[in-house]
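>>> fold the following, please.
(2 chains)
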Amino acid sequence: MPWNRVWEHCTLILTALGFIIVIGMLLGIISYLYPRLRKPILTVVDILQTIPSLATLGIIMILMGGNQKTVITGIVLYSLLPIVRNTNTGLNSVSPAVKEAAKGMGMTRAYQLFHIDLPLAFPLIFTGIRIAAVTSISVAVFGTFVGGGGLGAVIYQGIRVSSMKLILFGTAALMVMALVIDGIMGLIERRLYRRIGLQVPD
Amino acid sequence: MIEYRNVTKSYGGSPVVKEICLTIEKGEFVVLVGPSGCGKTTTLKMLNRLIPMDGGDILINGKSVKEQNPEILRRNIGYVIQQIGLFPNMTVEQNITVVPRMMKWDKERRRKRARELMELVDMDYDTYANKYPSELSGGQQQRIGVLRALAVDPPVILMDEPFSALDPITRDSLQDEIKRLQKQLNKTVIFVTHDMNEAIKLADRIVFMYDGKILQAAPPEEMLRSPADGIIREFMGKHVQKIRMEDELNCSDIMRTRIATISPQRKTLECVELMSQYEVNSLVVVDDNKNYLGIVTIEDIRDHGEAGQPVEALIRTDAPCVGTGQHARDAFRILVEKKADYVVVVTPENRLAGIVTKSSISKAMASALWGEG
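Residues are numbered from 1 along each chain as shown, chains lettered A, B, ... in the order given. Model (predicted):
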């Protein structure tokens, strides 16, 4: 069994996730600090997600060549939306009373962002990360067509050689991966919400 | 120590604060009161620059707030808001010490300060320090809100309707607490409310605002006694009457004016007839100019009167009598001590004004307590 492909898939999505979190939160924070940029930023990440992921990967491959970087870039672009949107929503939904108190206590804008706004928005941001993680797992499957390897390669090979065993192995591995990541992140999420006294959203 | 100099503020061309001048002494508890939209909150928030002023200046200890870095300025002015606004991601202790942390106090000093402050409001440090705001009651949350404002011992505390969201019992005890703390720590407090009861209870000086202007700034007693404007009188409503009840109600306030009188030329039989008609056993005798002459009683008519005789001869002049300007308490004392049915009230010109009876007193007290009856 090609276990190394499982590992490869994991590396792909974890690397991509790292970029998604940094870029997504950054865009979310910018759209919060500069409300005029909110609409353009959200529209762009929204459009990125409506392009079929295979097409996104194809376009990037033509520009950057076929390799793992292409796959990672594709995953990042495709999965930005939930984090950008949740970061923005989370920051904007911090209660006006808390914001006024923060300002009244003499916090600078940056201090307030890091000590009040972001910690309070973090549960919602984390929900965005969780959604992005699960999406990335399936987007990465298409990576095999642009030379990225991963579990997509296993399934594709299974299709070519008509091997039920290979197809099922690839599929099962993807499902387990998705379930495990979703499950663990769900647990963390629950604790985050409880910590700030919020109801866990369904 | 705080001086507002011709401070103005408008929103979209319409002025909300108009050339306000106000000086506040150190250690003074000043309450800004007035109907909503009168500019009191705006006046408060211009002090710590949460709202920028359009014109004029505010000085703290002779230094303009405009010349100071707004964040540094705010850290040195305590601030308590209506919606409490505790940081839900921080524990009670972290909330209290949020300003000390910004000012880079070390951990030991912060902990000591949190302990000290919590003792001030009788909250046990070990029980509450590590709780989150969501685990506290509304009253406890606002206590922490107040402690947070006191953390770095700022000389001035601003409070924007801090207790209006609390239930009446909690509000009452927090009012007592804040007044005690203010005295004990000698803080200058500027407090905004629309509740006159609260203002009277807390203020050293009430500043009444209306339509962006200060109508009157005076100690509660003085404002109640002599409100400078009809609007203030109306806003204070029953408080005015209440305080007058206590020390200013005079005989003319508690007398009744519709009374049975008779002129001295009338005959005894007419007099008896009138008494039975009004179901009274005495009448007040006045001449044609309403000058008070005395009273005539049914006993005197029965014992000494003759049919057809004018009542003039039977007038008693020793009936209990008070002046209109005399204190209501005097009339009341006479009624009780002499077991009289009524006390006659006369004007300084000796004209009859009315009489005070036990029922007229109860009526006056009822209307003072519960408004116009």
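
>>> from here on, just use CA atoms for contacts and neighbour counts.
OK.

>>> neighbours around B:Pro88, how many?
22 (other C-alpha atoms under 10 Å in any protein chain shown).

>>> quickly note the distance from it to chain A.
In this view, B:Pro88 and chain A are 6 Å apart by C-alpha to the nearest C-alpha, to the nearest Å.

>>> so for that residue, what's the pLDDT?
Note on B:Pro88: pLDDT of 91.

>>> repeat that for the one 10 residues further on.
On the pLDDT scale, B:Val98 is placed at 96.

>>> quick one: residues contacting it.
Going by C-alpha atoms under 8 Å, 6 or more residues apart in numbering or on different chains, B:Val98 touches A:Met105, B:Arg148.

>>> ok, it to B:Leu147 distance?
Using C-alpha to C-alpha, to the nearest Å, B:Val98 is found at 11 Å from B:Leu147.

>>> checking my notes, B:Val296 in a strand, right?
Yes: counting by DSSP: H, G, I helix; E, B strand; the rest coil, B:Val296 is part of a strand.

>>> so for it, what's the pLDDT?
You'll see B:Val296 listed with a pLDDT of 88.

>>> and the contacts of stretch B:170-184?
Contact with stretch B:170-184 is made by B:Gly27, B:Phe29, B:Leu120, B:Val121, B:Gly139, B:Arg143, B:Phe163, B:Ser164, B:Thr188, B:Val189, B:Glu198, B:Leu202, as judged by C-alpha under 8 Å, 6+ apart.

>>> can you flag which of those residues belong to helices?
For the contacts of stretch B:170-184, the ones inside helices are B:Leu120, B:Gly139, B:Arg143, B:Glu198, B:Leu202, with DSSP state H as the criterion.

>>> give me the buried subset of the residues you listed.
For those, a burial check counting by 16 or more other C-alpha atoms under 10 Å in any protein chain shown picks out B:Gly139, B:Arg143, B:Glu198, B:Leu202.

>>> what is the burial count for the closest residue to the last one other than its chain neighbours?
Nearest in space to B:Leu202, with sequence neighbours left out and distances taken as C-alpha to C-alpha, 6 or more residues apart in numbering or on different chains, is B:Lys179 at 6.3 Å. Other residues within reach of B:Lys179 by the criterion other C-alpha under 10 Å amount to 18.

>>> now B:Val7
20.

>>> for it, helix, strand, or coil?
strand.

>>> please, which helix or strand holds the nearest residue to it once chain neighbours are set aside?
Excluding the flanking residues, the one nearest B:Val7 by C-alpha to C-alpha, 6+ apart is B:Gly56, at 4.2 Å. Following DSSP states H and E, one finds B:Gly56 within strand B:55-60.

>>> again with B:Leu224
In this assignment (DSSP H and E), B:Leu224 forms part of helix B:220-225.

>>> cool, B:Leu293 as well?
Using DSSP H and E, B:Leu293 maps to strand B:292-297.

>>> so B:Met53, which state does it fall into?
coil.

>>> for it, give me phi and psi.
Dihedral pair for B:Met53: phi -90, psi 150, per degrees, to the nearest 10.

>>> ok, and the closest non-adjacent residue to it?
Excluding the flanking residues, the one nearest B:Met53 by C-alpha to C-alpha, 6+ apart is B:Lys9, at 5.4 Å.

>>> the one you found and B:Pro15 touch, don't they?
Yes: shown here, B:Lys9 and B:Pro15 form a contact pair, counting by C-alpha atoms under 8 Å, at 5.9 Å.

>>> residues contacting B:Ile334?
B:Pro320, B:Ala340, B:Val343.

>>> rerun that using 10 Å as the cut-off
B:Pro320, B:Cys321, B:Val322, B:Ala340, B:Asp341, B:Tyr342, B:Val343 (C-alpha atoms under 10 Å, 6 or more residues apart in numbering or on different chains).
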